[in-house]
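> structure, please.
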Amino acid sequence: MSEPIFPGFAERDIALRELSLHARIGGSGPPLVLLHGYPQSGAMWRHIAPRLAERFTIVVPDLRGYGRSSIPASRNGDSYSKRVMAADIVALMAALGHARFRLAGHDRGARVAYRLALDHPERVETLATLDIIPTAEMWRGMDAARAMSVYHWMFLAQPEPLPETLIARASREYIDHALASWNATKSLDCFGEALEDYRTAFADPARIHASCEDYRAGATIDRALDEADFAAGRKIAAPMLALWGGHGIPAAGGDPLEVWRRWASDVRGHAIDCGHFLPEEAPEATASALLEFFA
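Numbering: from 1, shown residues only. The predicted structure follows:
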């Protein structure tokens with residue numbers, strides 16, 4: 001697998017409880033974790049991480065089941081709930097000597113990030129989410145227009161082995177379509193040297209299954225956890241930044257900031273002129289917004 005360039009970053013495979021997480025680590029200063037989304041890996045942060053590393057110690061892991069991290073066995077999403085994946089990140093940062101840290105996530109990584117902030121508020125100094133609204137809110141607003149734009153939420157959550165079988169038969173065509181359809185230019189240009197990493201990892205049937213388990217958890221476990229927290233009045237305590245693509249999925253359903261204000265005590269944010277993949281479509285604007293917030 002080709003390696004996108006992270007200048008000055010070390011690569012480590014860090015053994016945790018029942019798995020190993022692959023991570024890129026660089027920079028100096030307060031710790032800041034960057035979590036990737038679907039169907040990608042930590043390579044998606046290649047334009048952002050070096051700039052943030054001028055001010056922070058940057059940790060860029062591949063989530064369990066993705067990239068080069070371990071692939072725990074799972075049925076019905078049990079090993080890929082955002083609660084379990086958030087606990088991985090807490091354990092990873094503890095192994096690196098960091099009890100508290102700043103945290104940013106995109107897409108599925110943002111769902112891990114806000115779940116971590118809810119489950120482990122003592123760990124998170126500040127939180128940034130990129131191009132999402134909470135999982136429960138996504139399901140509540142699943143009308144015809146949203147269902148068409150996020151068809152993969154329903155498709156990937158179907159019982160095993162339907163989505164796994166279909167994707168495996170044309171994995172490259174599937175991932176290329178997904179990546180192109182969710183960005184503003186409807187092309188693969190913004191993914192550059194990382195594209196082959198995404199394609200190669202996604203050609204592995206075990207990783208296809210892991211990503212389906214991620215979405216099965218989203219439709220069941222994650223949704224239930226969100227609903228329970230919302231009903232109990234629990235909110236994200238850490239100061240929070242919500243960024244979204246002006247041409248992305250959350251923007252099509254209303255004002256994402258208004259939604260996040262129901263879930264967080266201190267939240268600010270704005271749109272960036274791009275589609276879903278902020279760190280790759282608009283790296284300068286995204287890096288500037290994150291630097292201003294985290295600094």
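
> helix, strand, or coil at the most centrally placed residue in the chain?
Centroid check for the chain by C-alpha atoms, centre = their mean gives residue 109 as the closest residue, at 1.8 Å. Following DSSP: H, G, I helix; E, B strand; the rest coil, we place residue 109 in the helix state.

> name the nearest residue to it, sequence neighbours excluded.
Spatially, and ignoring its direct neighbours in sequence, residue 109 is nearest to residue 35 (2.9 Å; C-beta to C-beta, 6 or more residues apart in numbering). The way it works is simple: take the backbone N, C-alpha and C, and place the C-beta from them, glycine included.

> so that neighbour makes contact with residue 92?
No: the pair residue 35 and residue 92 fails to qualify as a contact (C-beta atoms under 8 Å) at a distance of 10.6 Å.

> show me which of these two is the more surrounded one.
When residue 35 and residue 92 are compared for neighbours, residue 35 comes out ahead with 29 against 21, by other C-beta atoms under 10 Å.

> so what's the more buried one bridging to?
On DSSP bridges, the residues paired with residue 35 through beta bridges are residue 105.

> for residue 130, see how far away it is.
Taking C-beta to C-beta, to the nearest Å as the measure, residue 35 falls 9 Å from residue 130.

> need the overlap of contacts for those two.
Jointly contacting residue 35 and residue 130 under the rule C-beta atoms under 8 Å, 6 or more residues apart in numbering are 104-106, 110.

> from those, which is closest to residue 13?
Distance to residue 13, by C-beta to C-beta, is smallest for residue 105 among the shared contacts of residue 35 and residue 130, at 21.0 Å.

> and that closest one, what does it touch?
By C-beta under 8 Å, 6+ apart, the contact list for residue 105 reads 34-37, 111-114, 128-130.

> try residue 259
133-134, 137, 250 are the contacts of residue 259 under C-beta under 8 Å, 6+ apart.

> so which of those are in helices?
Of those, the ones assigned to helices by DSSP state H are residue 137.

> pull the most distant pair out of the contacts of residue 259.
Maximum pairwise distance among the contacts of residue 259 (C-beta to C-beta): 10.3 Å, between 134 and 250.

> top of the contacts of residue 105 by neighbour count?
Highest count within the contacts of residue 105 by other C-beta under 10 Å belongs to residue 129, 32 neighbours.

> wait, it sits on residue 113?
Yes: if you go by C-beta under 8 Å, residue 129 and residue 113 touch, sitting 6.1 Å apart.

> any common contacting residues for these two?
Residues touching both residue 129 and residue 113 (C-beta under 8 Å, 6+ apart) are 104-105.

> contacts only, for residue 45.
Contacts of residue 45 (C-beta under 8 Å, 6+ apart): 34, 36, 60, 279.

> and what of residue 238?
Residue 238 is in contact with 117, 121, 124-127, 266, counting by C-beta under 8 Å, 6+ apart.

> report pLDDT for it.
For residue 238, the pLDDT comes out at 98.

> against residue 127, how distant is it?
Computed with C-beta to C-beta, the distance linking residue 238 and residue 127 is 5 Å.

> list residues touching both of those two?
When contacts are counted by C-beta under 8 Å, 6+ apart, residue 238 and residue 127 are jointly contacted by residue 117.

> next, the residue nearest to residue 194 when sequence neighbours are not counted: secondary structure please.
Taking C-beta to C-beta, 6+ apart, and ignoring the residues beside it in sequence, residue 194 has residue 43 as its nearest neighbour in space, at 4.1 Å. In terms of secondary structure, residue 43 is helix; the call rests on three-state DSSP.

> shouldn't residue 43 be in contact with residue 196?
No: under the contact definition of C-beta under 8 Å, residue 43 does not touch residue 196, with a separation of 9.6 Å.

> neighbour-wise, which of the two wins?
For the pair residue 43 and residue 196, the greater number of neighbours falls to residue 43 (29 against 15), based on other C-beta under 10 Å.

> this protein: helices as residue ranges?
Per DSSP H, the chain has helices spanning 49-52, 82-95, 108-119, 135-140, 144-149, 151-156, 162-168, 171-181, 195-202, 205-219, 221-232, 256-260, 278-281, 283-294. These are given in chain order.
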